[in-house]
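*Asks:* Return atomic coordinates for the entry below.
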Amino acid sequence: MSWEQYDRPVVVPDEAAIARYWGDLRARMKATYAAPRATTWGTAEGTGWHPWVDDHPETVAFGTTPEEVDDEVALLSGRVKTAWSRPKVFFDGIGPERTVGDIALVLGRDGRPALAVTVDAVSVARFGDVTEEYAEAEALGDFTLADWRAVTNARFAAETGLELRDDDLLYLLRISVV
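*Replies:* Here you go, the predicted model:
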């Protein structure tokens, strides 16, 4: 299985709006951070996206319905949501989708960037070993571990037709708004 087989976009990216947003964000970041001495950003060997890269980073939409997309953007904007998980099976054969330092543009339901997030930490855990603290940070449902498990499993089932088992591995990302 690979990510491409199961990723069903909820929103259609607005490429013109994404380019404008990335241009503005790059300018702000360049004004804040010193240029790197050498960069492999954006390559298979690189560690992610960087403001000196011309192409915009990957775009993501959180949620499986337009309403969920709106809710997730609001939680990210309010810095309530500080974590994101995806089943490892989506990335088998292609490696983790994100690494520390990566930037992703989060799209709203209209396909325009709502905000940008950066990956602060990446770990792998079994579905059955995810903690209450992590579930609260991911801010799904009522923020409890039981509800996190139910919502995560429902989203996975909606995307794949499969259910997560306690032994299934997940990538657990800690994220923050740029």
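*Asks:* Pull the number of nearby residues for the residue nearest to Y21 when sequence neighbours are not counted.
*Replies:* Setting aside the residues directly before and after it, Y21 is nearest to P113 in space (CB to CB, 6 or more residues apart in numbering), at 3.9 Å. In short, each C-beta sits where N, CA and C put it, glycine included. The criterion is other CB atoms under 10 Å. On that basis, P113 has 23 neighbouring residues.
*Asks:* ok, P113 - contacts?
*Replies:* Listed by CB atoms under 8 Å, 6 or more residues apart in numbering, the contact partners of P113 are A17, I18, Y21, W22, T59, L105, V106, L107.
*Asks:* As a markdown table, those with distance to A135 and secondary structure would be great.
*Replies:* Output for these, formatted as a markdown table (distance: CB to CB, whole Å; DSSP: H, G, I helix; E, B strand; the rest coil):
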| residue | distance to A135 | secondary structure |
| --- | --- | --- |
| A17 | 33 | helix |
| I18 | 31 | helix |
| Y21 | 30 | helix |
| W22 | 32 | helix |
| T59 | 26 | strand |
| L105 | 25 | strand |
| V106 | 20 | strand |
| L107 | 24 | strand |
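*Asks:* Helices along this protein, start to end?
*Replies:* In the chain, helices defined by DSSP state H lie at 3-6, 15-32, 66-77, 132-138, 145-160, listed in chain order.
*Asks:* Give me the buried positions along the third one.
*Replies:* Along helix 66-77, these residues count as buried under the neighbour rule (16 or more other CB atoms under 10 Å): E68, V69, D71, E72, V73, L75, L76.
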